[in-house]
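Trainee: Would you be able to build a 3D model of this:
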Amino acid sequence: MKSLVLLVGLMCMVGIHGDMYMHNPRGSNNRLDEAGRERNNGNRMFDSQNNNRGGYNVGSLAYMAGSVLPIEWTNQHSCGDPNAHCEIIIQYMCGDWVRDGASTSTIPENPAQCYNYDCNRDIRYGMHETYDYYLNCKQTEREANLFTADQNLNGDSAKYTRQNPKGTRRAYECPEERDYYPYWRPSPWRDIVVMTNDASRCEYYQAESANVKSRYACVLPQGYILENLNEDDPIIPITQPECESIYYQEAGNPNVTRGEWTEFPAHGIEAPDCREAHWSRDNHLGNGVSGQPNTYNWTLPANLEHERCAMRIRYNISTGEYDGWDPANINADLNNQNRNDPSQLNVAERLGLDEDEAEDRGYVFENNPNVDLFGTDDFTLQLAINTAQYGRTFQDRSHTFAVRKPVGEFRDATIHNLNVRGKRGNIVQVFPAVEYDFVPNTLEVQPGDYVHPQWTGSNTNPNNNDGQGLPGTDRSNMVPLAEQVYSEGGSSYYAPNIKYGHFGRSYPQEIMNSTFAGFTIETMTNMAVTQPNQFRGEMSELDDAGTYFDLGPQKVTQAGTYHYMCTRNNNFSNRSQKGRLIAKNEVVKYESIGYTGGNVTGPSGNLEFQKGTLDHLEDIKLEEWEPERGEWEIEDQGNEVDLPGEGYASKYIIVEPTHEFTTDNATFTISINLIGSSYDSIGVYRSDPYNLAMWEKIDHEQSGKTANIAVKGGGAYVIRGATSNVALIVGIIVAVAVVVLIVGAVVFFRRNPEKWSSITGACSGAGGKV
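Mentor: Predicted coordinates for the structure are as follows:
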């Protein structure tokens, strides 16, 4: 037990201030339908450690099981960057008790303050974890071997941590479980993904996840718990011997019961995904390196079905003054020994100072040390250090959402969620939330897939926030954008599909003359006026529309690139709510692959990355072209279709990035399925998809109907076949031999006529006999 805690506690050792906000699904930041810029109660549901202005008033939606949900967030400090160490963990929970509540007050700890003495069912208050869960937390001993620096914890239970030394309560969250991952005791949260700066830890994270590994905890007799309900000291031990040494005999009952060291089963779902975090910069609550929000696409479990679920995202930021993952560096032995003393952590070793000199000059790990930067004893600079916040965990949680079982035509369909993020106001008024946008802003699908437009909003934003329509209200719709009317950029991005509408326009296309992904006129009308949820009313600025809109999954039946807008939130001075839907006939697959490896799989091709092939996170794109599309691309670039071989033995497989991106000359494998006629031989050829003029033949290994290629980067790949000439050559040889034989016979008999006469005579004689 102790060795496990030594390791898991390290993640939250050294750090700096860095908020975390979830934008899709909408994170509450403890906010609930409030009219102020700042939230009313930062302790309502959970400990976020975020700015009071963050969060969204509402956010409940209903998703289809098996659908793809883009999770978007912003974090204040860097991830995927050497400036700091970052861990991001996304989890979810579902339960009949999970609710947003109707009050911004924190749910009481005393059951006497709840209806019928049952806080778990008092729907006035928001709740994720249950009352019993929190009661167990505050009565359980905290892990004493954790590093707490110079923080003076006010108690010894699991509600006291280095980050929460006073044991402040936030609903029924357990502070120790909140601050550490993977947590060693039972938790209701299920893991979705772990994103880290060091993917070599992924095997550990996945093996220790409560998704796949059970937890053990001490279960004491209920009578014993109730009798000690008001004890200040914890009564539930965290080791098996101590647990089983507790005996209890209820008054008047001759039977004696004792503590049971109990196994709590794993959640019984797959281990979480684990990979590096996408890059983000320091001191910046904004987009990632691609200019788009950092996003994780979560495919909701196919067997998940519940009306009450919640999601949380936790973010730990740590600096690199020392190796926080070395148990020798971080444990309780390095805590301060007396109040007002610094911790005994040696932070000066990397500065080349001995311990005595470091202490004399203020290079110690304590709150706000004064350091003698010049070694002169007459001038110091004070550092802004709070050891409770070094190795700090931030979090945000969603409002409740539902996950429903797809039925009918949706049962085996590919469904993409299309939502709206943001809230009313300009960028200054909404910060650290964001202005309106569609999520995802650009959505790529195939004909036959389904798109599920759905969003919600609030009626209680600050009334003086900028925006159109009724003050304080969020509203959105979707209408096709008008066509391009002036020259701007090229068309290669859209070809060979047709482009509909243009981002540069601010006027919509007339619905009756519009085309949008093959949707009917009725469906496009519903998107524009938020039907069927809405019936009449004043709708010029959607004022009488409801806050919630659900169009339901809509089948895409027509290829093309479709641009659309929201008519209400399109004030060019401070906002532009527009989106793009790309429907391609070609298969396109995206995966983020890092150190742990993985696969990108399409119907005709597969990319396989072994562990260690990459030492960084790379966004990989796999696209498959039919031969006709490949030849169109070649000719569109002004080249002639003059490929080696006689015919196509595969589709075109396009892999991006096109440059070499593996580590230390490592290779990954591209497997391409063979098609077409049976050829006597095949050749694999590569080119640059953006310059298809030159093709080079590359080595491959054939296994049945698959050709495998070891490569260091992407490109355009195709297999060409050829028929062997052996049969033709043999036929020619046989024909020549026959001709030579005939000619030789003629020459022979002309020179020897008597031989011919004897043969013909013999034949005549034979013909006369019966």
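Trainee: residues in contact with residue 602?
Mentor: Applying Cβ atoms under 8 Å, 6 or more residues apart in numbering to residue 602 gives the contacts 587, 589, 622-624, 653. In short, each C-beta sits where N, CA and C put it, glycine included.
Trainee: ok, residue 38 - contacts?
Mentor: 52-53 are the contacts of residue 38 under Cβ under 8 Å, 6+ apart.
Trainee: how much space between it and residue 58?
Mentor: Distance, residue 38 to residue 58, by Cβ to Cβ, to the nearest Å: 17 Å.
Trainee: how near is the residue nearest to residue 625 when sequence neighbours are not counted to residue 560?
Mentor: Take residue 625 and drop its neighbours on the chain: the residue closest to it by Cβ to Cβ, 6 or more residues apart in numbering is residue 652, 3.8 Å away. Distance of residue 652 to residue 560, computed by Cβ to Cβ: 21 Å.
Trainee: Contact partners for the spatially most central residue of the chain?
Mentor: Geometric centre of the chain, nearest residue: residue 296, 2.1 Å, by Cα atoms, centre = their mean. Applying Cβ under 8 Å, 6+ apart to residue 296 gives the contacts 70-71, 90, 192-193, 195.
Trainee: Just the CA trace of stretch 423-431, in CSV.
Mentor: Below are the C-alpha coordinates for stretch 423-431, written out as CSV (Å, rounded to 0.1, in the frame of the first residue of the first chain):
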residue,chain,number,x,y,z
LYS,A,423,-22.3,32.4,-24.0
ARG,A,424,-23.7,35.9,-24.6
GLY,A,425,-21.2,38.8,-24.5
ASN,A,426,-18.1,40.0,-26.1
ILE,A,427,-14.7,38.4,-25.4
VAL,A,428,-14.0,40.5,-22.4
GLN,A,429,-17.4,40.1,-20.8
VAL,A,430,-17.5,36.3,-21.1
PHE,A,431,-13.8,35.5,-20.3
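Trainee: Could you pull out the helices in the stretch 451-600 of the chain for me?
Mentor: 521-529 (DSSP state H, counting those that start in this stretch).
Trainee: which stretches of it have low pLDDT?
Mentor: 490-491, 572-574 (pLDDT under 70).
Trainee: picking up where we left off before, quick one: which of the contacts of residue 296 is most hemmed in?
Mentor: When neighbours are counted by other Cβ atoms under 10 Å, residue 195 leads the contacts of residue 296 with 27 neighbours.
Trainee: which ones are touching residue 441?
Mentor: 292, 578-580.
Trainee: Can you flag which of those residues belong to strands?
Mentor: Among these, the members falling in strands are 578-580 (criterion: DSSP state E).
Trainee: before we move on, the earlier item: so which of the contacts of residue 296 are in strands?
Mentor: Per DSSP E, the subset of the contacts of residue 296 in strands is 70-71, 90, 192-193, 195.
Trainee: Pick the one among those residues closest to residue 510.
Mentor: residue 70 (30.6 Å; Cβ to Cβ).
Trainee: Quick check: the closest one touching residue 23?
Mentor: No - contact between residue 70 and residue 23 fails when scored by Cβ atoms under 8 Å: they sit 10.0 Å apart.
Trainee: So for those two, which residues contact both of them?
Mentor: residue 439.
Trainee: farthest pair in the ones in strands among the contacts of residue 296?
Mentor: So, these by Cβ to Cβ: farthest apart are 70 and 195, at 14.8 Å.
Trainee: Who are the contact partners of residue 402?
Mentor: Applying Cβ under 8 Å, 6+ apart to residue 402 gives the contacts 60-63, 306-309.
Trainee: sorry, that was for residue 69
Mentor: So residue 69 contacts 25, 63, 297-300, 417 (Cβ under 8 Å, 6+ apart).
Trainee: Cross these against strands and list the overlap.
Mentor: Checking the contacts of residue 69 against DSSP E, those in strands are 63, 297-299, 417.
Trainee: returning to that earlier point: out of the contacts of residue 69, who's the most crowded?
Mentor: Counting neighbours by other Cβ under 10 Å, residue 25 leads those with 30 neighbours.
Trainee: Excluding residues flanking it in the chain, which one is nearest it?
Mentor: residue 398 (4.2 Å).
Trainee: and that neighbour, how many neighbours?
Mentor: The burial count for residue 398: 23, using other Cβ under 10 Å.
Trainee: next one: residue 576
Mentor: Counted with other Cβ under 10 Å, residue 576 comes out at 16.
Trainee: Surely it touches residue 570?
Mentor: Yes - counting by Cβ under 8 Å, residue 576 does reach residue 570; the two are 6.0 Å apart.
Trainee: which residues are in contact with both of these two?
Mentor: Counting by Cβ under 8 Å, 6+ apart, the residues touching both residue 576 and residue 570 are residue 506.
Trainee: Residue 183 is in what secondary structure piece?
Mentor: Using DSSP states H and E, residue 183 sits within no helix or strand.
Trainee: that older thread, mind checking which of residue 652 and residue 560 has more residues around it?
Mentor: residue 652 (27 against 21).
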